[in-house]
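give me a 3D structure for the following:
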Amino acid sequence: MESDDRLNQISCVVILMVIVWAGGFICKTGDDLIEN
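Purely as a prediction, here's the structure:
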């Protein structure tokens with residue numbers, strides 16, 4: 001059970017990081033598009 005909890009925790013962190021990275025990437029791309 002402990003390994004499952006740990007796996008779920010890691011999955012949540014990875015998903016959170018991906019969302020934050022994607023958000024930053026979209027903002028950066030949006031700024032580039034606005035400038036052009």
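
which stretches of this structure form strands?
Counting by DSSP state E, the chain has no strands at all.

mind checking pLDDT for M1?
M1 carries a pLDDT value of 62.

what of the one 10 residues further on?
At S11 the predicted local distance difference test score is 96.

ok, it - how many residues close by?
10 (other C-beta atoms under 10 Å). For every residue, glycine as well, the C-beta is placed using N, CA and C.

sketch out the low-pLDDT regions of this protein for me.
By pLDDT under 70, the weakly predicted segments of the chain are 1, 36.

of all residues in it, which one is nearest the centre?
Centrality entry for the chain: nearest residue to the mean C-alpha point is V18, 1.9 Å, by C-alpha atoms, centre = their mean.

now do the contacts for that residue.
Listed by C-beta atoms under 8 Å, 6 or more residues apart in numbering, V18 has no contact partners.

I'd like to know how far G24 sits from Q9.
For G24, the distance to Q9 equals 23 Å [C-beta to C-beta, to the nearest Å].

against D4, how distant is the residue nearest to the centre of the chain?
For V18, the distance to D4 (C-beta to C-beta) stands at 21 Å.

what of V20?
For V20, the distance to D4 - C-beta to C-beta - is 25 Å.

just I10 next, same as before
For I10, the distance to D4 - C-beta to C-beta - is 11 Å.

neighbours of S3, how many?
7.

repeat that for E2.
6.

now the one 5 residues further on
Residue crowding around L7 was assessed by other C-beta under 10 Å; the count is 10.

tell me where this protein has helices.
Listed in chain order, the helices of the chain (DSSP state H) span residues 2-35.
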